[in-house]
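S.K.: need a structure here:
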Amino acid sequence: MTSPPAAHRGIRRSVRLFAAFLVEQTDPHRFYSELAADSIDLLREHTDLRGRTVLDVGAGPSEFAQAFHDEGARYLPLDHDATVASVREQGVVGDARQLPLADGSVDVVFSSNMWEHVPDPEAVADELLRVTRPGGIVFLSYTNWLSPWGGHETSPWHWLGGQRAMRRYERKHGHPPKNRVGETLHRVSVRQGLEWSRSADADVLAARPRYLPDWCAPIVRLPGIREVVTWNLLLVLRRR
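M.R.: Numbers count the residues shown, from 1 in each chain. Purely as a prediction, here's the structure:
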């Protein structure tokens, strides 16, 4: 199956995704369904998923499992948390820093919004590439720390400091945030992802803001500005 030309990723798509993002807490099914469908569209540009083994590292909600199954992929979710619905039903509990899979054992590795939650992201990225077969695809996207959503639920106060943002959140809500900087959330940058991708034994097929229109792709070439404007970096690589 072929996807529409890349020009379809314009303002309307970005508005639709951000509108879904605003209801993540109140209508998670809408949000995750939109994000899963968009992820499939992005992958279609680089590979046919039908019959392919897809490893989802940092497994998403069941909407991702359904989207990959509908596309005809063999979907394998992996997460360190055994209570994640897709993992509990059909997946693997494991550490992204030491994936319990053999070298070159999967066709596609998909990792969405997990990189900022691990203390050694480059080591995790190396593992994603290790388990991908030669010619296979690695899809890696993450929210960088200085983006508007870098502090996750403490945003945008994280711009004034991660600890200060957490204290403010706890005062307001009466409990600490789920995403705690230095513990369950880490300060990753766009620069880190770009530097890792350039050093990897892979061809970089895409390096651009995930949710923004295609014409925003040159932003990642602008140090400093890219750390604030990118919001979420998308890297797609083909292993050599």
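
S.K.: List of residues touching the helix or strand of the chain with the lowest mean pLDDT?
M.R.: Sorting the helices and strands of the chain by mean pLDDT, DSSP states H and E puts helix 85-90 at the bottom, at a mean of 73. Residues external to helix 85-90 that are found in contact with it (Cβ atoms under 8 Å, 6 or more residues apart in numbering): 56, 59-62, 64-65, 75-79, 81-82, 93. Every residue, glycine included, has its C-beta placed from N, CA and C.

S.K.: avg pLDDT for the helix or strand just after that helix?
M.R.: Per DSSP states H and E, the first helix or strand lying C-terminal to helix 85-90 is strand 92-93. Averaging pLDDT along strand 92-93 gives 88.

S.K.: what packs against strand 92-93?
M.R.: The contact analysis (3 or more Cβ pairs under 8 Å, 6 or more residues apart in numbering; DSSP states H and E) places strand 92-93 against strand 74-79.

S.K.: Mind listing the strands the strand it packs on pairs with, and their directions?
M.R.: Strand pairing for strand 74-79, determined by DSSP bridges: strand 53-57 (parallel), strand 92-93 (parallel).

S.K.: Include mean neighbour count and distance to residue 173 when you put those into CSV, please.
M.R.: Below are the strands paired with strand 74-79 laid out as CSV (neighbours: other Cβ atoms under 10 Å; distance: least, Cβ to Cβ, whole Å):
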stretch, mean neighbour count, distance to residue 173
strand 53-57, 24, 30
strand 92-93, 16, 30
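
S.K.: Among those, single out whichever gets nearest to residue 239.
M.R.: Among these, the nearest to residue 239 by Cβ to Cβ is strand 53-57 (12.9 Å).

S.K.: re the thing from before, top of the contacts of helix 85-90 by neighbour count?
M.R.: residue 59 (29 neighbours; other Cβ atoms under 10 Å).

S.K.: Assign a three-state SS to that one, would you?
M.R.: coil (DSSP: H, G, I helix; E, B strand; the rest coil).

S.K.: returning to that earlier point: buried stuff in the least confident helix or strand of the chain?
M.R.: Residues 86, 87 are the ones in helix 85-90 that count as buried (16 or more other Cβ atoms under 10 Å).

S.K.: Over to stretch 65-74?
M.R.: In stretch 65-74, counting by 16+ other Cβ under 10 Å, buried: 65, 66, 67, 68, 71, 73, 74.

S.K.: Now do the contacts for the closest residue to residue 114 other than its chain neighbours.
M.R.: Nearest in space to residue 114, with sequence neighbours left out and distances taken as Cβ to Cβ, 6 or more residues apart in numbering, is residue 58 at 2.8 Å. By Cβ under 8 Å, 6+ apart, the residues touching residue 58 are 78, 79, 96, 111, 112, 113, 114, 117.
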